[in-house]
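A.B. asks: let me see the structure of the following:
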Amino acid sequence: MNSVAYVTVDVFTRQRFSGNQLAVIPDARGLTSAQMQDIAAEFRYSEVTFVLPPQDPVNTAQVRIFTPTMEIPFAGHPNVGTAFVLGRQREIFGKAAGDVLRFEEKAGIVEAELKQDTHGQVIGAAISAPEPLSLGPQIDVETIARCASIEAKQIVLTTHAPMIASVGLPFAIAELADLGTLGKACPNTAAFAEAGRRYAPDDDQFALFVYVRQPDNPWALRARMFAPLDNVIEDPATGSASGALGALLTSLLPESGAHLEITIEQGVEMGRRSVIGVTTEKSEGQVRSIRIAGQCAAVMTGTILL
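C.D. replies: Predicted coordinates for the structure are as follows:
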């Protein structure tokens, strides 16, 4: 194999050169894991996906997700963007693509429902989180403050303490006081390294998702995500973190049953505005469903020489 084709898309936006960049290798057969990692490092996007035939023919494809430094089990915008790319192809490894795609990933099966406009053109996708909400340790406010270069008093504790939450990929999640504080946040890599050793000792990875609620609508949020230990200083859209946040907020509602539609705006401070839709269902006191949705814009196609 001397070359491989790629497609890039901007995810969680309909506007090209906005949202979160993603590179998709629609046919990664013949690539080694080392080559996949090299390609992801070359792009330096937050993630690159590699599509392979499924191990179980009932599924659509196997999807492997790489950051610039490592392979990860799940992420939101790579799944939405990959579904968009494959849905527009309409044929995946010789089989017609339906309106619902099933991806085999390290975190489990991810189901993606294609979204189409009135002309039948695929414009995005909604994915189901592969894992239920799981919560890790609470994090002291001083650690969050050092990581984000803000004052501890600017961290809101009314709804929840800062904590690790995951629906397939873990994030530290904290609420901040206002948009001014959110805008001033800046990652401190040394503090992240210290937090990784303390709260993620297995791999020293520590990613922080901070958010602010809009005063007139508690389910309209602005957020930022920092992961400098993974060479992602800031991410313009983080679907997996948004899903974890939506599930966390839903779990904290006093009602035993609820249906929430949450809109999370991210990437504004980077000049790459993204809009992420999170829909959650809670019944009998448990969050039963977490869906992450967004639109996409195609950007580039090309060939990588190996």
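
A.B. asks: pull up the distance across stretch 97-106, start to finish.
C.D. replies: 22 Å (CA to CA, to the nearest Å).

A.B. asks: to clarify, my last question referred to stretch 280-293.
C.D. replies: With CA to CA as the measure, stretch 280-293 spans 11 Å from end to end.

A.B. asks: now L86: closest residue in space that isn't a chain neighbour?
C.D. replies: I92 (5.3 Å; CB to CB, 6 or more residues apart in numbering). Bear in mind the C-beta positions are built from the backbone N, C-alpha and C, glycine included.

A.B. asks: just A40 next, same as before
C.D. replies: Using CB to CB, 6+ apart and skipping residues adjacent in sequence, the residue nearest A40 is F66, 3.7 Å away.

A.B. asks: right, and the one you found touches I72 too?
C.D. replies: Yes - at 7.4 Å, F66 and I72 qualify as touching, with contact defined as CB atoms under 8 Å.

A.B. asks: mutual contacts of those two, please.
C.D. replies: Common contacts of F66 and I72 (CB atoms under 8 Å, 6 or more residues apart in numbering): E47.

A.B. asks: what pairs with the worst-scoring helix or strand of the chain on mean pLDDT, parallel or antiparallel?
C.D. replies: Between all helices and strands in the chain, the lowest mean by mean pLDDT, DSSP states H and E belongs to strand 95-96, at a mean of 88. When pairs are called by DSSP bridges, strand 95-96 turns out to pair with strand 91-92 (antiparallel).

A.B. asks: mind checking how far the strand it pairs with is from the chain centre?
C.D. replies: On the basis of CA atoms, centre = their mean, to the nearest Å, strand 91-92 sits 24 Å off its chain's mean C-alpha point.

A.B. asks: what does that strand rub up against?
C.D. replies: With CB under 8 Å, 6+ apart as the contact definition, strand 91-92 has outside contacts at V51, T60, A61, L86, A97, L101.

A.B. asks: more neighbours, F66 and I72?
C.D. replies: F66 (25 against 20; other CB atoms under 10 Å).

A.B. asks: ok, V232 - contacts?
C.D. replies: Contact analysis of V232 by CB under 8 Å, 6+ apart lists S46, T67, P68, A207, M225, F226.

A.B. asks: quick one: buried ones out of the residues you listed?
C.D. replies: Using 16 or more other CB atoms under 10 Å as the burial test, the contacts of V232 include S46, T67, P68, A207, M225, F226 as buried.

A.B. asks: contacting residues for the closest residue to the second one other than its chain neighbours?
C.D. replies: Pointing back at T67 there. Nearest in space to T67, with sequence neighbours left out and distances taken as CB to CB, 6+ apart, is D230 at 5.1 Å. Applying CB under 8 Å, 6+ apart to D230 gives the contacts T67, P68, T69, M70, Q205, A207.

A.B. asks: rewinding a little: and the next helix or strand past the least confident helix or strand of the chain?
C.D. replies: strand 100-105 (DSSP states H and E).

A.B. asks: A145: which element?
C.D. replies: Following DSSP H and E, one finds A145 within helix 141-148.

A.B. asks: you'd agree D203 is in a helix?
C.D. replies: No - assignment of D203 by DSSP: H, G, I helix; E, B strand; the rest coil gives coil, placing it outside any helix.

A.B. asks: which one is it nearest to, not counting chain neighbours?
C.D. replies: Once flanking residues are discounted, D203 sits nearest to G196: 7.6 Å by CB to CB, 6+ apart.

A.B. asks: ok, that neighbour - contacts?
C.D. replies: D203, D204, Q205, F206, L229.

A.B. asks: for whatever helix or strand it lives in, output the C-alpha coordinates as CSV.
C.D. replies: Assessed by DSSP H and E, G196 sits inside helix 189-199. Listed next in CSV are the C-alpha coordinates belonging to helix 189-199 (Å, rounded to 0.1, in the frame of the first residue of the first chain):
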residue,chain,number,x,y,z
THR,A,189,0.1,22.2,31.3
ALA,A,190,2.1,21.7,34.5
ALA,A,191,-1.1,21.7,36.5
PHE,A,192,-2.7,19.2,34.1
ALA,A,193,0.3,16.9,34.5
GLU,A,194,0.0,17.0,38.2
ALA,A,195,-3.8,16.4,38.0
GLY,A,196,-3.2,13.5,35.7
ARG,A,197,-0.9,11.8,38.1
ARG,A,198,-3.4,12.3,40.9
TYR,A,199,-6.7,11.6,39.2
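
A.B. asks: before I go, just wanted to say thanks for your time.
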